[in-house]
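In: Show me how the following folds:
(one chain, ligands or ions: 1)
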Amino acid sequence: MQKTGSLPLPSADALEASSRLSEHIGEAIDAAGGWLGFDRYMSMALYAPGLGYYSGGAAKFGRDVRDGSDFVTAPELTPFFARTVARQVGQWLAEGLDAVMEFGAGTGRLAADLLTALEQQGQLPRRYTIVELSGELRERQQRTLAERAPHLADRVQWLDALPAAFDGVVIGNEVLDAMPVRLYARQRGLWHERGVAHADLSPDANVGARFAYADRPLPSQDIPAVLAAIPGDHDVITETHAEAEGFMRSVGAMLGKGAVLLIDYGFPAAEYYHPQRTGGTLMCHYRHHAHPDPFLYPGLQDITAHVNFSGIALAAVEAGLTVAGFASQARFLMNAGITELLMTLDPADAASFLPAANAVQKLLSEAEMGELFKVIALTRGLDDSLPAGFRAGDRSYTL
Ligand SMILES: C[S@@+](CC[C@H](N)C(=O)[O-])C[C@H]1O[C@@H](n2cnc3c(N)ncnc32)[C@H](O)[C@@H]1O
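Out: I've put the predicted structure just below:
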């Protein structure tokens, strides 16, 4: 169990909200007979109405611990991310499309900066739709658009579910990693599903210690094929991603003509389920501190898992889409022209050039976001030449 000693303590109000969410989770565990699948726990911890991490009032996105935030994403780091993505989006819009849809738009930075860049490219879409589950984030997005792109804000509309049909470009940055996963543990050669139960409460337990992992043996017919294929009988912990794959199928069913661009951390299946990857990828973020304990402050911290991009590609292909490219974030951004865009700043103007160059370096560096983050493009009904962002270093063959 993660010790919280060195981490900033939540406010009394935040602790009270976490405690209320824990009550609901506890009731769900009881209603399920004492054991809840991890996917249901993660879904409640992140999305329970009004109390989940994304549906409640946590600050979430920001640059450092002083603003009460927990992590930073690429669009928050620098507008050069959105400007570069705009080049790829522009290539697709030029094929007779005039709408963009963004999933899980965070603070609204990507929306504001992408619209601004598309306007500068002379490719402003008629409509920009944000699909957002959280009312609190929708308000933040409206504020960001009013501040950063007020003259474009009236093109933006919000939905809380997918429409039946859409033609255009769909984008999602770090959305798939926020979708609930199921956990599995192979112990002494036997597979178990790892769920959540009440923890034994010691008198001095804090709110983070109310729940604990509980493993249930899996009948052999219920072992997912990707797990059954992991060679050896050494201990392994890993995840499966039915929700993200279901989401991909729904997006595929919705898309008439257009492209889907998803950016996230993860690997192809051969790497994800490699026998040497024994600890799984579940990770939690609280005040810019990454740690593995999902039971710390339910509702006040982010819980994520890496993406199995092979599963996403398969779900997309099953829905009739074509895999148009798969590359590391560094490759994608360089192919799409991030360095040329950066060089529009004057290197002699250190005050603006250096922070921008630092942020771009973070997006590209192998040691930071450049290699772990991947970009996948899925299309239907578009010109089948390779999209600009995948011109060199396309790794679709690894999926
Ligand atoms: C890690 S945040 C990323 C936010 C933003 N895209 C960024 O890059 O800063 C994950 C977001 O995905 C959203 N999300 C998760 N599942 C979703 C779904 N099925 N539809 C739309 N948004 C979803 C969450 O509500 C959250 O806003």
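In: Please name the nearest non-neighbouring residue to residue 308.
Out: Closest residue to residue 308 apart from its sequence neighbours, by Cβ to Cβ, 6 or more residues apart in numbering: residue 272 at 4.7 Å. Yep, even glycine has a C-beta here, placed from its N, CA and C like the rest.
In: chain center to stretch 63-80: distance?
Out: Its chain's C-alpha centre and that of stretch 63-80 lie 15 Å apart, by Cα atoms, centre = their mean, to the nearest Å.
In: got it, and stretch 326-339?
Out: Distance, stretch centre to chain centre, for stretch 326-339: 19 Å (Cα atoms, centre = their mean).
In: So, low pLDDT: which residues of the stretch 1-150 of the chain?
Out: Low-confidence segments of the stretch 1-150 of the chain (pLDDT under 70): 1-6, 59.
In: same thing but 80
Out: For the stretch 1-150 of the chain, applying pLDDT under 80 flags the ranges 1-7, 56-71.
In: how about the residues of the stretch 151-300 of the chain near the ligand?
Out: Taking Cβ under 6 Å from any ligand atom as the contact definition, the stretch 151-300 of the chain meets the ligand at 173, 174, 175, 178, 179, 247.
In: residues touching the first one, list them.
Out: What that stands for is residue 173. Neighbouring residues of residue 173 by Cβ atoms under 8 Å, 6 or more residues apart in numbering: 73, 74, 75, 104, 106, 110, 263, 264.
In: now the third one
Out: Shown in contact with residue 175 (Cβ under 8 Å, 6+ apart): 103, 104, 262, 264.
In: And for the second one?
Out: With contacts defined as Cβ under 8 Å, 6+ apart, residue 174 is in contact with 73, 74, 104, 106, 263, 264, 265.
In: Report the separation between the residue nearest to residue 308 and residue 47.
Out: Counting by Cβ to Cβ, to the nearest Å, the gap from residue 272 to residue 47 is 24 Å.
In: Counting neighbours, what do you get for the spatially closest residue to residue 198 that is not a sequence neighbour?
Out: Of all residues not flanking residue 198 in the chain, residue 29 sits nearest, at 6.1 Å (Cβ to Cβ, 6+ apart). Number of residues near residue 29 (other Cβ atoms under 10 Å) recorded here: 21.
In: what do you get for the one 10 residues further on?
Out: Look at residue 39: counted by other Cβ under 10 Å, it has 21 neighbours.
In: Could you find the closest non-adjacent residue to it?
Out: residue 180 (4.1 Å).
In: Next, that neighbour: secondary structure please.
Out: Counting by DSSP: H, G, I helix; E, B strand; the rest coil, the backbone at residue 180 sits in coil.
In: ok, it - contacts?
Out: By Cβ under 8 Å, 6+ apart, the neighbours of residue 180 are 38, 39, 40, 42, 43, 46, 243.
In: how far away is the fourth one from the ligand?
Out: Think residue 42. For residue 42, the distance to the ligand equals 11 Å [Cβ to the nearest ligand atom, to the nearest Å].
In: Surely that residue forms part of a helix?
Out: Yes: with three-state DSSP as the criterion, residue 42 is located in a helix.
In: Correct me if wrong: it contacts residue 302.
Out: No: Residue 42 is beyond contact range of residue 302, at 10.5 Å (criterion: Cβ atoms under 8 Å).
In: Which element, helix or strand, includes residue 7?
Out: Counting by DSSP states H and E, residue 7 is held by no secondary-structure element, helix or strand.
In: ranges for the helices of the chain?
Out: Under the criterion DSSP state H, helices of the chain are mapped to 12-31, 38-47, 74-77, 79-93, 109-120, 135-148, 225-228, 242-254, 269-272, 309-318, 329-335, 338-342, 350-364.
In: Just put those helices in JSON lines and tack on distance to residue 218.
Out: Supplementary listing: the helices of the chain in JSON lines, determined by distance: least, Cβ to Cβ, whole Å:
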{"stretch": "helix 12-31", "distance to residue 218": "19"}
{"stretch": "helix 38-47", "distance to residue 218": "13"}
{"stretch": "helix 74-77", "distance to residue 218": "37"}
{"stretch": "helix 79-93", "distance to residue 218": "40"}
{"stretch": "helix 109-120", "distance to residue 218": "39"}
{"stretch": "helix 135-148", "distance to residue 218": "36"}
{"stretch": "helix 225-228", "distance to residue 218": "9"}
{"stretch": "helix 242-254", "distance to residue 218": "15"}
{"stretch": "helix 269-272", "distance to residue 218": "19"}
{"stretch": "helix 309-318", "distance to residue 218": "19"}
{"stretch": "helix 329-335", "distance to residue 218": "35"}
{"stretch": "helix 338-342", "distance to residue 218": "45"}
{"stretch": "helix 350-364", "distance to residue 218": "40"}
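In: out of residue 272 and residue 47, which sits in the more crowded spot?
Out: When neighbours are counted by other Cβ under 10 Å, residue 272 comes out ahead of the other of residue 272 and residue 47, with 23 against 19.
In: While we're on that one, how confident is the model there?
Out: Looking at residue 272, its pLDDT reads 97.
In: before we move on, the earlier item: mind putting the contacts of residue 174 into CSV with neighbour count and distance to residue 86?
Out: As requested, the contacts of residue 174 are exported to CSV (neighbours: other Cβ atoms under 10 Å; distance: Cβ to Cβ, whole Å):
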residue, neighbour count, distance to residue 86
73, 18, 17
74, 23, 13
104, 19, 19
106, 24, 17
263, 25, 13
264, 23, 19
265, 19, 22
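In: Inside strands: which ones of these?
Out: Judged by DSSP state E, the subset of these located in strands is 263, 264, 265.
In: For the ligand, state which of those is nearest.
Out: Using Cβ to the nearest ligand atom, residue 263 is the member of the ones in strands among the contacts of residue 174 that lies nearest the ligand, at 8.1 Å.
In: Show me which residues of the stretch 1-150 of the chain sit near the ligand.
Out: Residues of the stretch 1-150 of the chain found near the ligand (Cβ under 6 Å from any ligand atom) are 54, 61, 73, 75-76, 103-106, 131, 133-134, 137.
In: And these, which of them are buried?
Out: By neighbour count, with 16 or more other Cβ atoms under 10 Å, those hold 54, 61, 73, 75-76, 103-106, 131, 133-134, 137 as buried.
In: Nearest to residue 383, out of the residues you listed: which one, please.
Out: Of all those, residue 383 sits closest to residue 103, with 24.2 Å by Cβ to Cβ.
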